[in-house]
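Enquirer: just coords:
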């Protein structure tokens, strides 16, 4: 369990189509998220990323699942993502997992 005074964050980065194949989009998102965490004084536990996986595709997103599991278990109490659409494209996707 995390302390209520400490923000333990998971960075989640995703890009739908990696045209270069080098993960540069995910790297840019991660760098921005790390900068934000530092400014906020948040501890980054780890980065979870799904490179070249569309949120619309229906394909499994292992990084997304690991991020949700960390929140559900209490390991992490915050998520940093470059934009909300990196997390999900349909609100029901988030609500069905988080709100119970």
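Expert: Done, it's in. All figures in this text were calculated on a predicted structure; none of them were measured in a lab. Numbers count the residues shown, from 1 in each chain.
Enquirer: which residue ranges form the helices in the protein?
Expert: Ranges of helices in the chain, per DSSP state H, are 24-40, 62-73, 84-87, 91-98.
Enquirer: For the residue most central in space within the chain, give the beta-bridge partners.
Expert: The structure's the chain has its C-alpha centroid closest to residue 12; by CA atoms, centre = their mean the separation is 1.9 Å. Legend: beta-bridge partners of residue 12 under DSSP bridges are residue 48, residue 81.
Enquirer: residues in contact with it?
Expert: 47-49, 63-64, 67, 79-81, 86-87 (CB atoms under 8 Å, 6 or more residues apart in numbering). Where C-beta positions appear, they are placed from N, C-alpha and C, glycine not excepted.
Enquirer: and residue 42, what is it in contact with?
Expert: By CB under 8 Å, 6+ apart, the contact set of residue 42 is 7-9, 36, 78, 80.
Enquirer: Could you tell me which ranges of the chain sit under the pLDDT cut-off?
Expert: Residues of the chain meeting the criterion pLDDT under 70: 1-4, 16-24, 55-56, 85-86, 88-100.
Enquirer: Show me which parts of stretch 30-45 are buried, residue by residue.
Expert: Buried residues in stretch 30-45, counted by 16 or more other CB atoms under 10 Å: 30, 32-34, 36-37, 42, 44-45.
Enquirer: Farthest-apart pair in these, please.
Expert: Put simply, by CB to CB the two of the buried residues of stretch 30-45 set farthest apart are 32 and 45, 17.3 Å from each other.
Enquirer: and residue 41, backbone torsions?
Expert: Here is the backbone geometry of residue 41 (degrees, to the nearest 10): phi 80, psi 20.
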